[in-house]
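> Fold the stuff below for me.
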Amino acid sequence: MRGWILALAMAGSVPATAQTISMPIDRGFWINATDKCASVTNGYAYDGKRWGAVYYYGPKASLGPVAELEAIGRTTPLKDGFTNMQLGPTEGVGYFHVKSLSPDRMTLRTGAPGPEGIQVMDDTLIRCNFATLSPKMQAAMRRFVPALVAR
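Numbers count the residues shown, from 1 in each chain. As a prediction, the model looks like this:
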């Protein structure tokens, strides 16, 4: 009996097929549309497999850099033109949705648990070419997302 339970538990934990990552945006370093590529000290990196923040912190962004990158477990197109991006192997309460507005402009919709339920926030992001970033941000990109350095 224990062998059957163990076999069922293991079978349920292995995905039947590998998920395909299909994003409506191109790989790159994405920042808030109100910021400037040449002076930004934080943004989001998408390297084709991972998504997350790359940033400096502290007084005048003097500390860091830090990266909080997660593997994208799967993507699902939604009816409103957004794509749900599941970070990691399991879904949580919050979410990240992305929608392309043009090749270098997107909307990032985040939903996070709050006191009144899920709090939703939309941010317009623009994509920065690696060469337009400050030397400080270029160093962070080289360290954490080298696949984007040629961009």
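
> Nearest residue to the residue nearest to the spatial centre of the chain in space, please, no chain neighbours.
Nearest to the geometric centre of the chain sits Trp51, at 2.6 Å (C-alpha atoms, centre = their mean). Taking C-beta to C-beta, 6 or more residues apart in numbering, and ignoring the residues beside it in sequence, Trp51 has Ile72 as its nearest neighbour in space, at 5.7 Å. (Each C-beta comes from the backbone N, C-alpha and C, glycine too.)

> mind listing what Ser39 touches?
Ser134 (C-beta atoms under 8 Å, 6 or more residues apart in numbering).

> still on that earlier bit, neighbouring strands of the helix or strand where the residue nearest to the centre of the chain lies in the sheet, and parallel or not?
Here Trp51 sits within strand 50-57, counting by DSSP states H and E. Using DSSP bridges, the strands paired with strand 50-57 in its sheet are strand 42-46 (antiparallel), strand 63-77 (antiparallel).

> from the middle of its chain, how far away would it be?
9 Å (C-alpha atoms, centre = their mean, to the nearest Å).

> Could you do stretch 57-74 as well?
With C-alpha atoms, centre = their mean, you get 11 Å for stretch 57-74.

> Kindly report the same for stretch 118-133.
Worked out by C-alpha atoms, centre = their mean, stretch 118-133 lies 10 Å from the chain centre.

> and that stretch, C-alpha only, in PDB?
Taking C-alpha atoms only, stretch 118-133 is exported to PDB below (Å, rounded to 0.1, in the frame of the first residue of the first chain):
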ATOM      1  CA  ILE A 118      -6.300  41.500  -4.900                       C
ATOM      2  CA  GLN A 119      -4.700  45.000  -5.500                       C
ATOM      3  CA  VAL A 120      -4.100  45.500  -9.300                       C
ATOM      4  CA  MET A 121      -1.500  48.000 -10.600                       C
ATOM      5  CA  ASP A 122      -0.700  48.800 -14.300                       C
ATOM      6  CA  ASP A 123       2.800  50.200 -15.200                       C
ATOM      7  CA  THR A 124       3.900  51.300 -18.700                       C
ATOM      8  CA  LEU A 125       7.400  50.100 -19.300                       C
ATOM      9  CA  ILE A 126       9.900  50.900 -22.100                       C
ATOM     10  CA  ARG A 127      12.800  48.700 -23.300                       C
ATOM     11  CA  CYS A 128      16.300  50.100 -23.000                       C
ATOM     12  CA  ASN A 129      19.100  49.200 -25.400                       C
ATOM     13  CA  PHE A 130      22.100  47.900 -23.400                       C
ATOM     14  CA  ALA A 131      24.400  50.600 -24.900                       C
ATOM     15  CA  THR A 132      22.100  53.400 -23.600                       C
ATOM     16  CA  LEU A 133      22.400  52.300 -20.000                       C
END
